[in-house]
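# Next one to model:
(2 chains)
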Amino acid sequence: MTIPDTSAPLPATAAPVAPEPKSAPPARTEPKARRRSSRRAPARRTLTYAVLVVAVSATLLPFAWMFLGAFKTQGELLRRPITWWPEQPTLDNFLVWFNELHIGTFFLNSVVVAVFTVLGNLLFCSMVGYALAKMDFPGKRFLFLLVMVMLMVPGVVTFVPLFVMVSKLGLVSTYPALILPFLAAPMGVFLMRQFIMGIPDSLIEAARIDGAGELRTFLRIVMPLCGPPLATLGILTFLGSWNNFLWPLVVAQSEEMYTLPVALSLYSTGQNATDYGLLLAGSVLIITPIILLFVALQRYFIQGVAATGIK
Amino acid sequence: MATTTNVMPAGTKNAGRPPARARVRAGQSRRRRNALTAWLFALPFVLIFGVFMLGPLVSSFLMSFTDFTSRDIENPFAVGFVGLEQYAALFRNPQFLHSVLNTAYFVAAGIPLTTVLALALAVALNNGISRFRTAFRVGFYTPVVTSIVAVAVVWRFILQPDGLLNVILGWMGIAGPDWLNSTTWSMPALIMLAVWRNLGTLMIIFLAGLQAVPGDILEAAEVDGANAWQRFTRITLPMLRPTLLLGTVLLSVGFLQFFEEPFVMTKGGPLDSTLSVSYFTYNQFGFGKYGLASAASYVLFVAIALLSLLQFRALRSKD
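Reported below is the predicted structural model:
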């Protein structure tokens, strides 16, 4: 991880101008791969398809089992041998969540926490990412080093002091306790810095020469170009927040502050531990929004993962 | 750049580049103002980072040299400095040593398994097929986006002694064990779950790496008579090394922190057979032994840093 030294004077004979880092994900070379594979024996391709279909079915089987099970009665779920299709499909498992278990509150909590976490990350990570990528200031290398080190720190290291602090501040079972620690993730800073470094300096210099201050340059020039990484960051942050459960489990101690995973986690270890229909229905309710979001925006999910991997 | 004096005529090779020489000459006050602006941009992040990440990181480090317990929260200055005693106690603790072995087992089995499967899938998706690529990608990636709590519910159900997995194994004539209640089989069951959950991420990373392998080199090798396996081992794999490195480092950092799977599936049992270092730490925190918990967490941190470093060296050395 090297930080280019932008203050170094250009060599007098700036011979071939170094290519600007790519600001878009690497061009896909699929057509070539396709051409190669089409020349191959069709039997081999059929075999590849067969193996992939089996593998993907195995991967998705637990979800199928979850969805099918959520519509079964408790009697059918406990019966052996197991049944595949629900014999008497029922919505009772879902109705318990809506009528008796305040799922609306949990859902709202999950949404509030996720939305604020996403907004905070989009704004703060791109601000500091811009500073790290395009500005020169004392302490810059050190700040970036800290961000990189933090990527390796296991969650349990900060867990104890964080909890001690939150409880001393009286924030247990409040939204701030659920949101503040995740408001600006180091991973997001890294992602935004990498992308903004790829924006040509000339664009930013031009704005500065035209008299735009840093804030205006950031809002009018940099941010509008940051659509793809912001989409990635927003989606990955939303996902992380929606599925986050250990920290919420510890700080959301009153029922009205439970998020969806906390509620499901507590119900699945409490007196409902063997009420499989109820728990499967709860699982369906948690993962359905995220799966719909994923299928709709899968391009951005996958771009994001690939981008964090390639750079 | 109001002080620019050295504007180059348009059309030189430097047109469009920042007039760097001029920037070096820029006045001291301007530089200070720029630094202030930069720090203002960094401020929200620095505050959150400092209070919620760096601060706890440092206090956890300090705490690991004290006998801090939950009773000391009200009066943190009354705790005693014990030097390296917590670390010594940790390595005398048989439960901790057991958790280290469990974590090593999980990492040693889980990382190669995930990496090889992910690479095989990525290669199959990249050159083995021409259609439904997106559908397969979405399918393999779905476990990654779903909540572990929700997934655990259905996996516990599937892994019951007479559950779906053993029914399917039964078709092949295999009598499956009571996965989650066996000290032998609980860890393989959790490794299976972890591979299932992490395959998608690694596959996507490898797929992106494979697409960056230039097709003309592969075609040239094919013209020269190299078969598919030779092309893969002599061209694709070497070119994929940076991607493989990154993928395994990311995976190791995650796998060494192994916690969620046992937490939602087995509670570390049976008989501590799935107790990981993270889980041990979490338990000590629950018992109020904050000093010991902090020491254990730092041991894990050092292990993660060392393993990452080792992998970087091992995979970089041939360059």
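# which intervals of chain A have sub-threshold pLDDT?
For chain A, applying pLDDT under 70 flags the ranges A:1-41, A:273, A:306-311.
# Where do the domain boundaries of it fall?
Per automatic domain parsing, the structural domains of chain A span A:43-90, A:97-308.
# Tell me which of those is the most buried.
Among those, domain A:97-308 has the highest mean neighbour count (mean count of other Cβ atoms under 10 Å in any protein chain shown), at a mean of 19. C-betas here are computed from N, CA, C, even on glycine.
# nearest to B:Gly173, of the domains of chain A?
Closest of the domains of chain A to B:Gly173 is domain A:43-90, at 16.4 Å (criterion: Cβ to Cβ).
# first to last residue in that closest one, what's the distance?
Terminal residues of domain A:43-90 are spaced 45 Å apart (Cα to Cα, to the nearest Å).
# Double-check that A:Val153 belongs to a helix.
No - assessed with DSSP: H, G, I helix; E, B strand; the rest coil, A:Val153 is coil; it does not lie in a helix.
# pretty sure it is touching B:Leu57, no?
Yes - look at A:Val153 against B:Leu57 with Cβ atoms under 8 Å: they come within range, at 6.2 Å.
# so what sits against both of those two?
Here A:Val153 and B:Leu57 share no contacting residue, scored by Cβ atoms under 8 Å, 6 or more residues apart in numbering or on different chains.
# sorry, back to before: distance to chain B for the domains of chain A - can I get that in JSON lines?
Output for these, formatted as JSON lines (distance: least, Cβ to the nearest Cβ, whole Å):
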{"stretch": "domain A:43-90", "distance to chain B": "4"}
{"stretch": "domain A:97-308", "distance to chain B": "4"}
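# what's the closest of these to B:Trp171?
Closest to B:Trp171 of the domains of chain A is domain A:43-90 (Cβ to Cβ; 12.0 Å).
# was I right about A:Tyr189 contacting A:Leu123?
Tyr isn't right for residue A:189; it's Val. No - the pair A:Val189 / A:Leu123 is not scored as a contact, 12.0 Å apart, by Cβ under 8 Å.
# Do me a favour and get the backbone dihedrals for B:Pro177.
The phi/psi pair for B:Pro177 (degrees, to the nearest 10) reads phi -80, psi 180.
# burial count for the spatially closest residue to it that is not a sequence neighbour?
The shortest distance from B:Pro177 to any residue other than its chain neighbours is 4.5 Å, reached at B:Trp185 (Cβ to Cβ, 6 or more residues apart in numbering or on different chains). Residues contacting B:Trp185 under the criterion other Cβ atoms under 10 Å in any protein chain shown number 18.
# wait, isn't B:Trp185 in contact with B:Leu165?
No - B:Trp185 is beyond contact range of B:Leu165, at 10.9 Å (criterion: Cβ under 8 Å).
# Between those two, which contacts overlap?
Residues touching both B:Trp185 and B:Leu165 (Cβ under 8 Å, 6+ apart) are B:Trp179.
# In contact with B:Gly268, which residues?
B:262, B:274-276, B:279, B:283.
# Report the secondary structure state of B:Asp162.
Classified using three-state DSSP, B:Asp162 is coil.
# Does B:Arg131 belong to a helix, a strand or coil?
Once three-state DSSP is applied, B:Arg131 turns out coil.
# Can you give me the distance of it to A:Gln298?
17 Å (Cβ to Cβ, to the nearest Å).
# swap in B:Ile191?
27 Å.
# repeat for B:Val138
For B:Val138, the distance to A:Gln298 (Cβ to Cβ) stands at 5 Å.
# And B:Ala120, by the same measure?
22 Å.
# same thing with A:Tyr49?
Separation of A:Tyr49 from A:Gln298 (Cβ to Cβ): 20 Å.
# likewise B:Ser70?
Relative to A:Gln298, B:Ser70 is positioned 45 Å away (Cβ to Cβ).
# ok, now A:Ser110?
Counting by Cβ to Cβ, the gap from A:Ser110 to A:Gln298 is 21 Å.
# The longest helix along chain A packs against which elements?
The longest helix of chain A (DSSP state H) is helix A:103-134. In terms of contact count using 3 or more Cβ pairs under 8 Å, 6 or more residues apart in numbering or on different chains; DSSP states H and E, helix A:103-134 is assigned the packing partners helix A:140-150, helix A:175-179, helix A:186-197, helix A:227-243, helix A:260-269, helix A:276-296, helix B:28-49.
# out of those, nearest to A:Leu249?
Closest of the helices and strands packed on helix A:103-134 to A:Leu249 is helix A:260-269, at 5.1 Å (criterion: Cβ to Cβ).
# residues in contact with residue 189?
In the absence of a named chain, this looks at chain A. By Cβ under 8 Å, 6+ apart, the residues touching A:Val189 are A:125, A:128-129, A:132, A:147, B:45.
# Chain B was what I was after
Contacts here follow Cβ under 8 Å, 6+ apart; on that basis B:Ala189 touches B:159, B:179-180, B:265.
# And for B:Ile148, the neighbour number?
B:Ile148 has 23 nearby residues by other Cβ under 10 Å.
# List phi and psi for B:Thr66.
Taking degrees, to the nearest 10 as the convention, B:Thr66 sits at phi -130, psi 170.
# what's A:Leu297 in contact with, if anything?
A:231, A:235.
# Distance of it relative to A:Gly234?
Between A:Leu297 and A:Gly234 the computed distance is 10 Å (Cβ to Cβ).
# again with B:Ala122
B:Ala122 sits 26 Å away from A:Gly234, going by Cβ to Cβ.
# So which of the helices and strands packed on helix A:103-134 is nearest B:Leu309?
Between the helices and strands packed on helix A:103-134, helix A:140-150 lies closest to B:Leu309; by Cβ to Cβ that is 12.4 Å.
# any idea which helix or strand comes after that closest one?
From helix A:140-150 onward toward the C-terminus, using DSSP states H and E, the following helix or strand is helix A:155-168.
# B:Ile174 - that's part of a helix, no?
No - applying three-state DSSP, one finds B:Ile174 to be coil, outside a helix.
# chain center to the helix or strand encompassing B:Thr103, what's the gap?
Using DSSP H and E, B:Thr103 falls within helix B:94-123. The chain centroid and the centroid of helix B:94-123 are separated by 12 Å, computed with Cα atoms, centre = their mean, to the nearest Å.
# How about it and chain A, any contact?
Yes - Helix B:94-123 reaches chain A (Cβ under 8 Å from any Cβ of the partner chain) through B:Leu121.
# Show me what that helix packs onto, helices and strands only.
When contacts are defined as 3+ Cβ pairs under 8 Å, 6+ apart, helix B:94-123 sits against helix B:186-211, helix B:241-256, helix B:277-286.
# May I see the buried residues of the helix or strand that the longest one is followed by?
Counting by DSSP H and E, the element after helix B:186-211 in chain order, helix or strand, is helix B:215-223. Burial within helix B:215-223, assessed by neighbour count using 16 or more other Cβ atoms under 10 Å in any protein chain shown, is assigned to B:215, B:218, B:221-222.
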